[in-house]
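[1] Quick one: sequence plus predicted model below, questions after.
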Amino acid sequence: MDLDDADHPTRRRRGLLIVLSSPSGAGKSTISRMLMKSDDEITMSISATTRPKRPGEIDDVDYHFVEDAEFDGMIAAGDFVEWAPVFGNRYGTPKNPVKAALKAGRDILFDIDWQGTQQLQAAMGEDLVTIFVLPPSMAELERRLVARGTDSDEVIRNRMSRAASEISHWPEYEYVLLNTDAEQCLDQVRSIVAAERLKRQRQIGLVPFVRDLIGSAN
């Protein structure tokens, strides 16, 4: 069998949990969309949220939109690997889809903040790859928030007031990228993902393959 064959036993691996975090407006959502479009092995984690649905959003595609009482019940049942309050609403990652994806060797992308990342690290640490995206300047961050046209002036002010606090958590991440250009930042994220997929501990097909390889030489 050709070593480049996608079905080669050494290609069997555990999935990755890829976290992209940044202050709102720094580009993590744009990079996330570009990454999924360029790599069909990555799917986006679908969070449950108490936030109202925005125009154009689809339930169970963009988010699982739930009421506060249902969210409380999911917390009590231990259904989340992480959850956090964000700007007056709550967001959480359901546990079962994450575990199933890891076992099947699929990669899941998370667009979450530092609070969610800390919880995910505690619950799923060895499968996690954490990336923090910085804006080139605070002025550019504000410009991007205004340009996307989805938030009121008050919401933008709140996001900017929180930005410095969010950025202060950058040392908690394995990788830190400066997003001056989305395409360049995407290339860096793809390089990180490629290297993480090749780490020995994630290649679960290596042990039996190498054992057989050595055995065939005797």
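    That came in fine, so what should we check first?

[2] for the one helix or strand Phe209 maps to, the distance to its chain's centre please.
    Following DSSP states H and E, one finds Phe209 within helix 206-217. Computed by C-alpha atoms, centre = their mean, to the nearest Å, the chain-centroid distance of helix 206-217 equals 35 Å.

[3] start at 37 instead
    Got it, first residue is 37 now, which makes that one helix 242-253.

[4] mind listing the strands for this structure?
    Ranges of strands in the chain, per DSSP state E, are 53-57, 78-80, 84-85, 100-101, 116-122, 125-130, 143-147, 164-170, 211-214.

[5] Tell me which of the ones you listed lies nearest to Ile240.
    Set against Ile240 and scored by C-beta to C-beta, these come closest in strand 143-147, at 14.4 Å. Every C-beta, even on glycine, is put in place using the N, C-alpha and C of the backbone.

[6] can you list contacts of the closest one?
    Contacts to strand 143-147, defined as C-beta atoms under 8 Å, 6 or more residues apart in numbering, come from residues 51-57, 64-65, 68, 71-72, 75, 77-81, 129, 133-134, 137-138, 152-153, 156, 229, 233.

[7] so where's this structure shaky on pLDDT?
    The chain contains residues with pLDDT under 70 at 37-47.

[8] could you pull out the helices for it?
    For the chain, the helices defined by DSSP state H cover 64-74, 104-112, 131-139, 150-160, 174-184, 189-203, 218-233, 242-253.
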